[in-house]
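1. requesting a structural model of the entry that follows:
(2 chains)
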Amino acid sequence: MKKDLISYTIHLADSALILGHRNSEWCGHGPVLEQDIAITNISLDLIGQARNFYQYAAQLTGNNTTEDTLAYLRDAREFKNCLLTELPNGDWAVTVLRQFFFSAYQYLLYQQLQHSSDTQLAAIAEKSLKEVTYHLRWSSEWVIRLGDGTSESRQRILNAIEDLWMFTGELFKPADYEIEATAKGFGVNAELLKNDWLQNIKAIFEEATLPVPDENAWMQTGGKTGSHTEHLGFILADMQFLQRTYPGCEW
Amino acid sequence: MPIHDLEKTFLDKIEREIKIEPRDWMPDAYRKNLVRQISQHAHSEIVGMLPEGNWITRAPSLKRKAILIAKAQDEAGHGLYLYSATETLGTSREETINDLHSGKAKYSSIFNYPTLCWADIGAIGWLVDGAAIINQVMLCRTSYGPYARAMVRICREESFHQRQGFEILLVLSRGSDEQKAMCQDALNRWWWPSLMMFGPRDSDSTHSDQSMKWKIKRMSNDELRQKFIDMIAEQVKVLGMTLPDPDLKWNAERKHYDFGEIDWAEFWNVVKGNGPCNKQRIEARTKAWDEGAWVREAAVAYAEKRKEKQPQTPKGALEAA
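-> Prediction:
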C-alpha cells in the first residue's frame, strides 16, 4: 500500500515539477510583459504543487528523504511524469496548447482527488484545484485566441496540435501504481477522466474554430513508468547540476 | 495662462512638496527628463530578469527555485508599473521598448555582467537590489506623483529581495569550502559594478543638477553611494567575507567608510556597450519581442473579431488574458 501511495504521489509531483520547469524557461522571454508574468505565475503554481506532493512522499518514505532528494537525486528512469510535460516549449502555440491539454486533465484529476481517502492528497488537490482552474481558463483563452486570431496564429496552433496530440493519450492510460491507487481508494481512475477531457477539448476547439484530431490515433506512452523522451535527460542535467556537483551541501 | 505663470505654478508646487500629476502643466525638459529616467528604470527591471533567469532552471533547491521565480516575476511587475508611469507622460510602451532595442534608451549597466555561479544570485539580491533600494527609497519622495507611487510599491518588494539575497550568501558562507569560495568570488565580481550603479561622480553627472532642482532626485549620486557603502561594509562582517577594496576603512572623523577609486574607464565602457553581456542582453530582449509579434497580432485580431460580434467586450486584448 505504502509503496503504491509513494509512487502515485511522486508521479503527481513529477508531472507538476517538469511542466513547471518548462514554463519557467519562458521567464524574461515572453511575447508581452503581462503574459511573461502569467506563464511564470503558472510555473510557480506548478512547482508549488510539486513541492507539496514531494514533501508528502518524502515523509512517507522516511530515511532522510526530502523534497530536494526526490527532485534532485533521482535519474530520468525514476521520473514518473507524463511525456507531455517534458516536451520542449516550442513557440507560444506549443506552450499554451501543452498547458491547455495538461490543465484540462489536471482539473478533472484534482476534482476527484480532493475526495481521496488519503487526507493529505485530498488537501493538496483541493488547494491546487483553485490554481488549476485559472490555468485552464488562461490556456483555453489562448487556444481560442490563436485558433481564431490571424492566419499565422492559426497555422501555428494547428502545427502544435499535430506535434502534441500523440502525447495526450498517456494521461488516461494508468500505470500499475495508478491502478493500485484506484483500487485502494486514494487515487483517481485516470481512464474515467478521458471522456470529460475530450468534451472540454472539443468545446474549446470548436470555439477556436479548430478541428479535433482523431481520438483513436496512435499515442506515445512510457513517461509514467520511466521511459521518457530524450528531452528529460537535459532537463535534469540542468536542474540537478549544483546538487550533483557539490553533493551533500545545504543551499 | 502665459508660460511664465504656468512655470511659476509648477515651481511653486515643487517648492511646497505638492506632487506633479499627469494633467498638470510641466516644462518639456521636466517631462523629457522623467521619461528618460522612468523608462531607463523600467528597462532595468526587465533586462534584470535575464541574469537571474539564467539560474532559474539550475536553482539548487526547490525552495530557492520558487523564490527566484517569484522574484523575477516581481521584477516584471515593477516593469509594468513603470511603463505605465511613462505612459502617463505621453510615451507609449511600444515607443519606450523600441528605444531599448535600438540602443537609444539605457538600462542599469549592472545587468551587463554575467551570472557565473549560484552565489551571483545572492550577490545580485544583496548588492544590486540593495543599491537599488537606496536609490528607490529616495524616489518615493520624487516630485512626479505616478513615479513616486510606483516606487512605494516597488520598495516594499525590493526589501524582500535584498533579504533573500543576503540569506543565500549567508548559507553559502557557512557551507563547504567550495561554497565559501563561491560566495567570496561573487562578492569580488559584483562589488565594484554595484558601486557604479549610483552613476558618475557628482562632478561628472550631466543630469543631476536639474533633477535635484526639480526634486526628481533628492540626493546626489555620491551621497547615495556613500550610504550604500556604509551599510554593506557593516553587513559583510556577518558573512565573514571581505569586500575587494584594500582602501575600505572606517573614517571616524567623517563618520563614513573611506573607499578606493572606482574604475571609471570600465564604467563608461559598459555604458557605451562594451560590457561582457550588453550585446547578449539586448539580443535576448529583441528576440523575445520579435518572436512575440505574431502572438500580439493574433490577440489584437481576435479582440477585433470579438468586438464586431459583441459590441461591448470588456476585456483588453493582452492585459486580460
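2. nearest the geometric middle of chain A, what residue?
-> Geometric centre of chain A, nearest residue: A:Ser15, 4.1 Å, by C-alpha atoms, centre = their mean.
3. tally of neighbours for the closest residue to that residue other than its chain neighbours?
-> Among residues not flanking A:Ser15 along the chain, A:Asn81 sits closest, at 4.2 Å (C-beta to C-beta, 6 or more residues apart in numbering or on different chains). Every residue, glycine included, has its C-beta placed from N, CA and C. Using other C-beta atoms under 10 Å in any protein chain shown, the number of residues around A:Asn81 comes to 25.
4. wait, A:Asn81 touches A:Ile10, no?
-> No. The pair A:Asn81 / A:Ile10 is not scored as a contact, 9.4 Å apart, by C-beta atoms under 8 Å.
5. shaky segments in the stretch 201-321 of chain B?
-> Along the stretch 201-321 of chain B, segments meeting pLDDT under 70 span B:311-321.
6. run the last query once more with 50
-> Applying pLDDT under 50 to the stretch 201-321 of chain B flags the ranges B:314.
7. and the residue of it that's closest to chain A?
-> For the stretch 201-321 of chain B and chain A, the shortest gap (C-beta to the nearest C-beta) falls at B:Gly292, measuring 2.6 Å.
8. my guess is that residue contacts A:Ala93. True?
-> No. Here B:Gly292 does not reach A:Ala93: they are 11.9 Å apart, not a contact under C-beta under 8 Å.
9. out of the two, which sits in the busier spot?
-> Neighbours were counted for B:Gly292 and for A:Ala93 using other C-beta under 10 Å; A:Ala93 has more, 27 against 19.
10. how about the residues of the stretch 51-200 of chain A by chain B?
-> Taking C-beta under 8 Å from any C-beta of the partner chain as the measure of proximity, the stretch 51-200 of chain A contacts chain B at A:51, A:54, A:67-68, A:71-72, A:91-92, A:138, A:141-142, A:144-146, A:148-150, A:152-153, A:156.
11. try 7 Å this time
-> Contact residues (C-beta under 7 Å from any C-beta of the partner chain) of the stretch 51-200 of chain A with chain B: A:51, A:67-68, A:71, A:92, A:138, A:141-142, A:145-146, A:148-150, A:152-153.
12. nearest to B:Met182 among those residues?
-> A:Asp68 (18.4 Å; C-beta to C-beta).
13. I'd say the residue nearest to A:Ser15 and A:Gly222 touch.
-> No. With contacts counted by C-beta atoms under 7 Å, A:Asn81 stays clear of A:Gly222, the gap being 10.8 Å.
14. any residues in contact with both of B:Gly292 and A:Ala93?
-> With contacts taken as C-beta atoms under 7 Å, 6 or more residues apart in numbering or on different chains, B:Gly292 and A:Ala93 have no neighbour in common.
15. quick one: the helices in chain A?
-> For chain A, the helices defined by DSSP state H occupy A:2-24, A:33-61, A:67-72, A:83-86, A:92-113, A:119-147, A:151-164, A:176-183, A:194-207, A:231-245.
16. run through the neighbouring helices and strands of the second one.
-> Read that as helix A:33-61. When contacts are defined as 3 or more C-beta pairs under 7 Å, 6 or more residues apart in numbering or on different chains; DSSP states H and E, helix A:33-61 packs onto helix A:2-24, helix A:67-72, helix A:119-147, helix B:62-87.
17. distance from the chain centre to the longest one, please.
-> Averaging C-alpha coordinates over helix A:119-147 and over its chain gives two centres that are 11 Å apart (C-alpha atoms, centre = their mean, to the nearest Å).
18. next one: the last one
-> Here helix B:62-87 shows a centroid-to-chain-centroid distance of 11 Å under the convention C-alpha atoms, centre = their mean.
19. buried set for it?
-> Going by neighbour count (16 or more other C-beta atoms under 10 Å in any protein chain shown), the buried part of helix B:62-87 is B:62, B:64-83, B:85-87.
20. for chain B, see how far away the residue lying closest to A:Pro211 once chain neighbours are set aside is.
-> In space, and not counting its chain neighbours, A:Pro211 is closest to A:Phe205: 7.2 Å by C-beta to C-beta, 6+ apart. As for A:Phe205, its distance to chain B is 15 Å (criterion: C-beta to the nearest C-beta, to the nearest Å).
21. might one say that A:Phe205 is in contact with A:Glu215?
-> No. If you go by C-beta under 7 Å, A:Phe205 and A:Glu215 don't touch, sitting 12.0 Å apart.
22. residue contacts, A:Cys82?
-> Residues near A:Cys82 by C-beta under 7 Å, 6+ apart: A:15, A:170-171, A:223-224.
23. for it, phi and psi?
-> phi -70, psi 150 (degrees, to the nearest 10).
24. which parts of the stretch 101-250 of chain B sit against chain A?
-> Counting by C-beta under 7 Å from any C-beta, the stretch 101-250 of chain B sits next to chain A at B:118, B:171, B:175-176, B:178-179.
25. got a markdown table for those residues, with pLDDT too?
-> As requested, these are arranged in a markdown table below (pLDDT from 0 to 100):
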| residue | pLDDT |
| --- | --- |
| B:Trp118 | 98 |
| B:Val171 | 98 |
| B:Gly175 | 98 |
| B:Ser176 | 98 |
| B:Glu178 | 98 |
| B:Gln179 | 98 |
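26. return the closest of the residues you listed with respect to B:Tyr147.
-> Looking across those and measuring by C-beta to C-beta, the closest to B:Tyr147 is B:Trp118, at 34.2 Å.
27. thought that closest one was touching A:Leu242?
-> Yes. With contacts counted by C-beta under 7 Å, B:Trp118 reaches A:Leu242, the gap being 5.9 Å.
28. A:Thr182: neighbour count?
-> The number of residues packed near A:Thr182 is 18, by other C-beta under 10 Å.
29. next up, the contacts around it.
-> A:188-189.
30. quick one: it from A:Asp4, how far?
-> According to C-beta to C-beta, to the nearest Å, A:Thr182 and A:Asp4 sit 10 Å apart.
31. work out the gap between stretch B:42-58 and the centre of the chain.
-> 11 Å.
32. dump the helices of chain A to JSON lines, plus mean pLDDT.
-> Converted to JSON lines, the helices of chain A look like this (pLDDT from 0 to 100):
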{"stretch": "helix A:2-24", "mean pLDDT": "97"}
{"stretch": "helix A:33-61", "mean pLDDT": "98"}
{"stretch": "helix A:67-72", "mean pLDDT": "98"}
{"stretch": "helix A:83-86", "mean pLDDT": "98"}
{"stretch": "helix A:92-113", "mean pLDDT": "98"}
{"stretch": "helix A:119-147", "mean pLDDT": "98"}
{"stretch": "helix A:151-164", "mean pLDDT": "98"}
{"stretch": "helix A:176-183", "mean pLDDT": "97"}
{"stretch": "helix A:194-207", "mean pLDDT": "98"}
{"stretch": "helix A:231-245", "mean pLDDT": "98"}
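33. any chance of those helices in TSV, plus distance to B:Gly103?
-> Converted to TSV, these look like this (distance: least, C-beta to C-beta, whole Å):
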stretch	distance to B:Gly103
helix A:2-24	29
helix A:33-61	20
helix A:67-72	40
helix A:83-86	38
helix A:92-113	26
helix A:119-147	32
helix A:151-164	29
helix A:176-183	55
helix A:194-207	42
helix A:231-245	31
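34. which one, of those, ends up nearest to B:Asp204?
-> Among the helices of chain A, the nearest to B:Asp204 by C-beta to C-beta is helix A:33-61 (33.7 Å).
35. now the angle between helix A:2-24 and that closest one, please.
-> Orientation check (axes from the mean of the first three to the mean of the last three C-alpha atoms, to 10 degrees): helix A:33-61 against helix A:2-24 gives 160 degrees.
36. ok, now which ones touch A:Leu146?
-> A:93, A:96, A:153-154, A:156-157, B:298.
37. check these and tell me the two furthest apart.
-> A:Val96 and A:Arg154 (13.4 Å).
38. neighbour count winner among the two?
-> A:Val96 (25 against 19).
39. find the closest residue to chain B in chain A.
-> Closest residue of chain A to chain B, C-beta to the nearest C-beta: A:Pro31 (2.6 Å).
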